[in-house]
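J.: got a structure for you, letters missing:
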């Protein structure tokens, strides 16, 4: 199927063509017609499936239709897109800018960590679409800079991460201020009970779409495990990055302090590296991300929350310096490479204490990750140690139970 078969308008198709997009992803193909028909939608889709275009393209068209039907009507904030992190909010707004360049639809993004002055000024000029993080949105609502009374279209993106980051109550406060009559689109990679309750509260007879379940990894991603003692991980990373075929890599660390230390060690080894995490200023985070996208920086070290929403074209490698103790997080991480049919490689380091996490991951993805033995820091004894038995389960995305608590505990420890 082509985008031209999805009843999208000529301005949108022209912008898509300039972006080099001709064929929709599965979630775009399924979601766009329902959104254009003004149906509420419940989408279960992981990172990298193209859900930003799945909701932004039809919403841009609906707003264009509304503007054409009421050409003299004063511009009102009619669309709210709520997302958990600053990076994802910025990325969504950039996508809307690209797709909507010929529509005349006005949009802006707001998030915390920066002075609100410029954000308030843009709001005063009038916008159709607002992309926001929960904290800054509620803050500006309390200051009477934003009213949600005219919202016709509402998108809640990455709902499970809202739960992980402790934003669910903020989301409930936002929903309580929305008009009763609206079209709502709800996206989440997983559906723990609390998120399902939130969906039930928000949506009215929604169309349900489930694409690329969280337990699956793309066949185009080559996965590898390196057994290594914890104290030798940084040496192993430097050793691997001496391979010039690794043009760019996103390295995941468990903690902010760990991310900074990895970045310092790689920089000392002559490898251009920057770190991105919640303690960095917004300007520093955007600068690091921009340098990584333009290849001025070869390696970007990130924590899971800071990396949420990072979308890098032609990212060849993801390296799990620390294995996550939530198996779904592994799938999210490595899903940042091997996109759009391209090849990618996911390299993971595993020390003795992390073997239990590897067992959970392999149970979730339903296959064993190949172990690379031929490296200078191998731990031969670990190959003979039985993988620990764990009582954790690998729940499915819809109807999953218990995942929210486990993820929340993980985030609190971070």
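T.: Everything's here; your move. Remember, predicted model here, so these are calculated numbers, not experimental data.
J.: ranges for the helices of the stretch 1-150 of the chain?
T.: Taking DSSP state H, counting those that start in this stretch as the test, the helices found in the stretch 1-150 of the chain are 10-19, 26-36, 51-69, 86-99, 117-124, 134-142.
J.: list the buried residues for stretch 182-201?
T.: 182-192, 194-196, 198-199 (16 or more other Cβ atoms under 10 Å). C-beta coordinates here come from the backbone N, C-alpha and C atoms, glycine included.
J.: low-confidence ranges in the stretch 51-200 of the chain?
T.: Along the stretch 51-200 of the chain, no part satisfies pLDDT under 70.
J.: count of residues packed around the nearest residue to residue 373 once chain neighbours are set aside?
T.: The shortest distance from residue 373 to any non-neighbouring residue, by Cβ to Cβ, 6 or more residues apart in numbering, is to residue 383 (7.0 Å). For residue 383, the count of nearby residues is 10 (other Cβ atoms under 10 Å).
J.: show me where this protein has its strands.
T.: 41-45, 79-82, 107-110, 129-132, 153-156, 183-188, 207-211, 221-227, 249-252, 273-276, 299-302, 317-320, 344-350 (DSSP state E).
J.: quick one: closest of those strands to residue 265.
T.: Proximity to residue 265 (Cβ to Cβ) singles out strand 273-276 among those, at 8.5 Å.
J.: that older thread, can I get the helices of the stretch 1-150 of the chain in a markdown table including mean neighbour count and distance to residue 369?
T.: Shown next, in a markdown table, are the helices of the stretch 1-150 of the chain (neighbours: other Cβ atoms under 10 Å; distance: least, Cβ to Cβ, whole Å):
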| stretch | mean neighbour count | distance to residue 369 |
| --- | --- | --- |
| helix 10-19 | 16 | 34 |
| helix 26-36 | 21 | 25 |
| helix 51-69 | 22 | 27 |
| helix 86-99 | 21 | 28 |
| helix 117-124 | 13 | 43 |
| helix 134-142 | 18 | 36 |
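J.: I'd like the ones you listed written out as CSV, with distance to residue 302 added.
T.: Compiled in CSV, the helices of the stretch 1-150 of the chain are given as follows (distance: least, Cβ to Cβ, whole Å):
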stretch, distance to residue 302
helix 10-19, 25
helix 26-36, 24
helix 51-69, 19
helix 86-99, 9
helix 117-124, 25
helix 134-142, 21
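J.: closest one to residue 257 among these?
T.: Using Cβ to Cβ, those put helix 86-99 closest to residue 257, at 19.8 Å.
J.: packing partners for the closest one?
T.: helix 10-19, helix 51-69, strand 107-110, strand 129-132, helix 282-293 (3 or more Cβ pairs under 8 Å, 6 or more residues apart in numbering; DSSP states H and E).
J.: now do the longest one against helix 86-99, angle only.
T.: Okay, so that is helix 51-69. 50 degrees (axes from the mean of the first three to the mean of the last three Cα atoms, to 10 degrees).
J.: what residues does helix 51-69 touch?
T.: 8-9, 11-12, 16, 21, 24-25, 27-28, 30-32, 35-36, 38, 41, 43, 45, 73, 78-79, 81, 91-92, 95-96, 99-100, 103-105, 128-129, 152-153, 155, 157, 185, 187 (Cβ atoms under 8 Å, 6 or more residues apart in numbering).
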